[in-house]
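sequence unavailable; structure follows:
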């Protein structure tokens, strides 16, 4: 589609920031807007909700200079349904939301999931349930990974730094348009609002291929004369019709899952404790691991980067290899990650402990203290 | 130990005292100096009590959670802010405070509450910074806290201008942590306020003088880390 | 017709009665006998043929009986969720302005669950055409009260008749849209009882989009003998006698009639 550069001044800025791979210091919301630009996003449809608002602000500021589009809709449902409209006719569309907005967004996401229409959603998690806080949580994990009235055929990247926000946002566009499943970047209010260093780059300069957006509807030609008309639906008459369709989609999802799934693991020999965390909490977990290692603890660290599909096999292998290995699941939610972990470990006897702090941040010191204090965990299954 | 390489700095004060600017400038200067830096403001539907808090971490290696439980240095710019951040003190925390005999500006809680979701800090609501006389604030009697009092508001009012009060505090923090050069901080100030400086050149002079004042007001410390 | 746009084939040998844009393979259609949707859609198909825009139309249909039109036409279709057809078509039109976006829905989708989308698309002057069939109730779900149900009308959820004190008066959609849509909008109410007028309004609504005028909205008074529990004669009497008592057929906004100057 190419970038239509209208403003020389801004195009210069773009070149400077992206091409020269300049290290910059900015908020996470600004990082996301740059990433969407670098990923070749065409249109953002959005509705204000804290803490994602500045994604819209930065995007709205950038778009006219690069021939991209932005529309502020009347609500999240409208934004969410405008996205597949644009994607179906061949444009890369995205949105950003949080909390109650994420709930409303589930309806259009369910449609995109059923019809396999690509789209990228940035979720900056805030406290819940309800309006709760505009600040931070990891309480939207379950909603984002498996929300909607279906099977959760989605790809969800949980980021832990501004560098990851940039790279996984670009990756999310690629995954969405390559696999045609709704794709998410699961951030949070801390990542949205904090400032830290990030190196922005043009993906092409690193040899990253950008998956092009192809139209599904309104291809060239007169329908019924030059080509068949395309009729898309998400409503079926018979149970069997739905079953056949869904089983096909599940088969596709299961086939692509191994190449999509990502995780980080650092496990010392004969590990005693394995810290399990995702997103920004994983930063604290990793720091706790390092500090405990220095004190002589044999502590390992496991972080799902894709929380959907979940890297269950990798986690299970680590646990199975050391039956006495105690897991400590840490999250800013009350057991959402814990439930995923326990499901994957079903049948194993490893004890599983947890440090669950819904809606508040967790520091390395707290995690280290939790490892120190807990003696015996409760076994899974 | 990683912990020894990381400075955990909390700045707390009233809206309008320029708390968030101190945090941003400190982090920006550290970033410019090639260090790892992370700054996050407190934000919420309303700023309870009009107290504004900035979290800054400066490290040689990677930084973990964006917020922290205990601070290495707190800069406390009003008595009310001091009450709010008591939980962040530990033995050895450097407690930098303004000991001037001036009342800090106070933001009406209700006014702050209705300004909306997005407010990082009620900075914009302050018209003045420590301009009215009042009793000097009392520092806490917490055990093991290292008190460093400076007459920042007094110096700002009598020698410069109230508007650069926060830059004096910034200078004092820079002197206390000993990881950034004045030139690096000046560059961060130029980056943030460059446009304003071009419109009003005397602002630049005030800011740089304020920074120098802050550096002077505290003696370079002996190693303070526990 | 816009410049440089060639008319698409006007005739298909051996099929002169059905509009070219009707898909023969899916006929007879799935609507009940006596349903007004078939008439409204036939008129729409003929207008698309006459305008020669078959290759540019993107048609979206809602949930409710309107979803049964998902493979009705030879133009590309996206069947959406209840009330959400307008945002989907807005999203596509914003992405590819050369397309002609048609959002087809019922009165529940447009005036109840999706009212915010109709109101805001109209308010923003989105360059799409929304067509809404008003049959005074929710038909697919078994005949519940809609915003358009007439006072005293019995439905599944108003078994003793709609009471104004409890559930208000019928929603006047075109009047509402006409009041808020910006200049350049086209707003009308047609009826399946006046076929040539219906076609004329639909044509003007599409032309308004093609010439970049603005938002176009046509409510079509329609019939539902299945849920009205009426025979052919009663159905016609309700459409032509009862409904016009509340719903004024005519144009509310046209390119040449600025806001406030209604013509009947």
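Ah, there it is. Every value quoted in this text rests on a predicted model; they were computed, and no experiment measured them.

the helix or strand harbouring residue A:307: how far from the chain's middle?
Following DSSP states H and E, one finds residue A:307 within strand A:306-308. Chain-centre distance of strand A:306-308: 7 Å, with CA atoms, centre = their mean, to the nearest Å.

what's downstream of it, the next helix or strand?
Once the chain leaves strand A:306-308, the next helix or strand it forms, by DSSP H and E, is helix A:312-321.

for the helix or strand that comes right after that following helix, packing partners?
Downstream of helix A:312-321, the first helix or strand assigned by DSSP H and E is strand A:326-331. On a contact count with 3 or more CB pairs under 8 Å, 6 or more residues apart in numbering or on different chains; DSSP states H and E, strand A:326-331 meets strand A:273-276, helix A:280-294, helix A:336-344, strand A:351-356, helix A:364-373. Where you see a C-beta, it was placed from the backbone N, CA and C, and this is true even at glycine.

can you give the strand pairings for the fourth one, parallel or anti for each?
Okay, so that is strand A:351-356. Sheet pairing for strand A:351-356, assigned by DSSP bridges, gives strand A:326-331 (parallel), strand A:378-379 (antiparallel).

what of the shortest one?
For strand A:273-276, the pairing partners within the sheet under DSSP bridges are strand A:299-304 (parallel), strand A:326-331 (parallel).

so is stretch C:134-144 next to chain A?
No: Stretch C:134-144 stays clear of chain A (CB under 8 Å from any CB of the partner chain), getting no nearer than 10.3 Å.

low-confidence stretches in the chain?
Looking at chain A here, since you left the chain open. Low-confidence segments of chain A (pLDDT under 70): A:1-16, A:374-381.

other chain: chain B
Chain B contains residues with pLDDT under 70 at B:1-4, B:44-50, B:105-132, B:142, B:220-226.

contacts only, for residue C:61.
C:67, C:69, C:70, C:77, C:78, C:79, C:80, C:85, C:104, C:105 (CB atoms under 8 Å, 6 or more residues apart in numbering or on different chains).

between these, which has the most around it?
Within the contacts of residue C:61, most neighbours by other CB atoms under 10 Å in any protein chain shown means residue C:85, with 35 neighbours.

I figured it hits residue C:103, correct?
Yes: using CB atoms under 8 Å as the test, residue C:85 is close enough to residue C:103 to be in contact (4.3 Å).

that older thread, a markdown table for the strands paired with strand A:273-276, including mean neighbour count?
Shown next, in a markdown table, are those (neighbours: other CB atoms under 10 Å in any protein chain shown):
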| stretch | mean neighbour count |
| --- | --- |
| strand A:299-304 | 25 |
| strand A:326-331 | 25 |
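
over to the residue lying closest to residue B:170 once chain neighbours are set aside. Which of the three states is it?
Among residues not flanking residue B:170 along the chain, residue B:22 sits closest, at 4.9 Å (CB to CB, 6 or more residues apart in numbering or on different chains). With DSSP: H, G, I helix; E, B strand; the rest coil as the basis, residue B:22 sits in helix.

report how many residues lie close to residue B:22.
Residues lying near residue B:22 (other CB under 10 Å) number 25.

what of residue B:158?
Neighbour count for residue B:158, taken as other CB under 10 Å: 9.

wait, what's in contact with it?
Taking CB under 8 Å, 6+ apart as the definition, residue B:158 has no contacts.

if you set the cut-off to 10 Å instead, what comes out?
Neighbouring residues of residue B:158 by CB atoms under 10 Å, 6 or more residues apart in numbering or on different chains: B:100, B:151.

got the phi and psi for whichever residue of the stretch 1-150 of chain C sits closest to chain A?
Of all residues in the stretch 1-150 of chain C, residue C:91 sits closest to chain A, at 2.6 Å by CB to the nearest CB. When read as degrees, to the nearest 10, the backbone of residue C:91 gives phi -60, psi -40.

give me the pLDDT value at it.
As predicted, residue C:91 sits at a pLDDT of 98.

show me what from the stretch 151-300 of chain A comes close to chain C.
A:213, A:215-235, A:237 (CB under 10 Å from any CB of the partner chain).

re the thing from before, so how far is chain C from the residue nearest to residue B:170?
Residue B:22 is 42 Å from chain C, where distance means CB to the nearest CB, to the nearest Å.

that residue against residue B:73, yeah?
No: the criterion here is CB atoms under 10 Å, and residue B:22 misses it with residue B:73 at 11.6 Å.

joint contacts of those two?
If you check residue B:22 and residue B:73 against CB under 10 Å, 6+ apart, the residues they both contact are B:9, B:11, B:56, B:173.

so which strand or helix has the residue of chain C found nearest chain B?
Per CB to the nearest CB, residue C:116 is where chain C lies closest to chain B, at 20.8 Å. If you go by DSSP H and E, residue C:116 is part of helix C:115-124.

what pairs with the following helix or strand past that helix, parallel or antiparallel?
Past helix C:115-124, heading to the C-terminal end, the next element that is a helix or strand (DSSP H and E) is strand C:129-134. Note on strand C:129-134: by DSSP bridges, its sheet partners are strand C:100-106 (parallel), strand C:216-221 (parallel).

count the neighbours of the nearest residue to residue A:231 once chain neighbours are set aside for me.
Spatial nearest neighbour of residue A:231, excluding adjacent residues (CB to CB, 6+ apart): residue C:71 at 4.2 Å. When counting by other CB under 10 Å, one arrives at 19 neighbours for residue C:71.

doesn't residue C:71 lie inside a helix?
No: counting by three-state DSSP, residue C:71 falls outside a helix, being coil.

I figured it hits residue C:26, correct?
Yes: between residue C:71 and residue C:26 a contact is recorded at 4.8 Å, counting by CB under 10 Å.

list residues touching both of the two?
residue A:231.

could you say what helices and strands the longest helix belonging to chain A packs with?
If you go by DSSP state H, chain A has its longest helix at helix A:239-260. The helices and strands touching helix A:239-260, judged by 3 or more CB pairs under 10 Å, 6 or more residues apart in numbering or on different chains; DSSP states H and E, are helix A:99-115, strand A:155-158, helix A:162-179, strand A:306-308, helix A:312-321.
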